[in-house]
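Chemist: What follows is a protein structure lacking sequence information:
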Ligand code: HEM
């Protein structure tokens, strides 16, 4: 039985990596150096947090590096079917690497939870209500800690939820921003159209956007969608089939892992003619009517889709509108120069650089 599953998985994963367009690229490409725009977007300065168990310090940067290492381990495990056998995987160098970085990841999350727990205890002792105007609003972590007090979730459960939020929330959004800035820098006319829209909303003001401003950024929203089409932060999704499924006449047996290649789905020329071209108007309401909703899935679909998608879009609008009001983005890397590598989040094997030219210099020249 195990052999059968391995063969099926091997065939699917192997075929996927050998014949799939992006897979071919991924297959060729060596491992990832990563200090490009990514680093700058994620953290402005190293922020240190205390490790509650070992009493040493873990930086956000080292947390990010550990996340990247885990990503590499997961991908290696995915493409080597024999690694699906726990025993064999456990003996491998990749598993040793995984075991080495896991404590850092767990301690980082534990520290966030512990600090919140301590703060809540302090507030309870001093009678401070969290929802007071001067206090931070109740967060998802508070809800989880409330549930813990009721006994409906334990410490490990909370940690898993926080891990998911940290992982799904930061890297995906930073990646989306990175690719979007690179592409907008390469599309001067589109950049000008975004700036016109921003001028209509803000005039010459550099104020922060309100929720209403964000909802007026219709063209920018189309650009975000088009950017996520070409550069989906999560380039593939995996599902484990508990039941047999028939797709287009092919039977996929139960107990199989299936990978859906979002990167290629988004480049189907029948749905997106000239798929490599950056055309935000593809997402105007009149052009999306009648399109299969599963032909565009940067936030996945179904019951496990991204719960942060609206928040992520608002974040990207806020950041892009702030950046583009101050700077003109100019290209250094061209879209055709991108070389993607296999990872859980879309990455390249080289830095993605963009030139930021202050707009006041443009007008004074
Ligand atoms: C551009 C930014 C983002 C992209 C492209 C993205 C994409 C995704 C995708 C594709 C999934 C589903 C993974 C799967 O089906 O296996 C997912 C799940 C998830 N995302 Fe996002 N995400 C983004 C931002 C965020 C943000 C900002 C948050 C939190 C504030 C977030 C929270 C989550 C959570 C909690 C899940 C797991 C949902 C579940 O398993 O039920 N995401 N995201």
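Modeler: The structure has been received and is ready for your questions. Keep in mind the model is a prediction, meaning the values are calculated, not measured. Residues are numbered from 1 along each chain as shown.

Chemist: what residues does the protein put near the ligand?
Modeler: 164-165, 168-169, 172-173, 176, 233-234, 237, 298-300, 304-308, 311-312 (C-beta under 6 Å from any ligand atom). Yep, even glycine has a C-beta here, placed from its N, CA and C like the rest.

Chemist: what secondary structure does residue 251 sit in?
Modeler: Of the three states, residue 251 takes strand according to DSSP: H, G, I helix; E, B strand; the rest coil.

Chemist: Tell me the pLDDT of the residue of the stretch 201-350 of the chain found nearest the ligand.
Modeler: Per C-beta to the nearest ligand atom, residue 308 is where the stretch 201-350 of the chain lies closest to the ligand, at 2.2 Å. Model confidence at residue 308, expressed as pLDDT, equals 93.

Chemist: What residues does it make contact with?
Modeler: 165, 168-169 (C-beta atoms under 8 Å, 6 or more residues apart in numbering).

Chemist: at 7 Å what do you get?
Modeler: By C-beta atoms under 7 Å, 6 or more residues apart in numbering, residue 308 lies in contact with 168-169.

Chemist: List the contacts of stretch 67-78.
Modeler: Here stretch 67-78 makes contact (C-beta under 7 Å, 6+ apart) with 13, 31, 34, 83, 89, 94, 97-98, 101, 105, 167, 171, 342-345.

Chemist: give me the number of residues near residue 305?
Modeler: 11 (other C-beta atoms under 10 Å).

Chemist: Excluding chain neighbours, what is closest to it?
Modeler: residue 299 (5.5 Å; C-beta to C-beta, 6 or more residues apart in numbering).

Chemist: The one you found: what secondary structure?
Modeler: Note that with three-state DSSP, the state of residue 299 is coil.

Chemist: pretty sure residue 239 is in a strand, no?
Modeler: Yes. Counting by three-state DSSP, residue 239 is located in a strand.

Chemist: which one is it nearest to, not counting chain neighbours?
Modeler: residue 258 (5.2 Å).

Chemist: Show me which positions of whichever strand or helix holds the one you found end up buried.
Modeler: Secondary-structure assignment from DSSP states H and E places residue 258 in strand 256-261. By 16 or more other C-beta atoms under 10 Å, the buried positions in strand 256-261 come out as 256-261.
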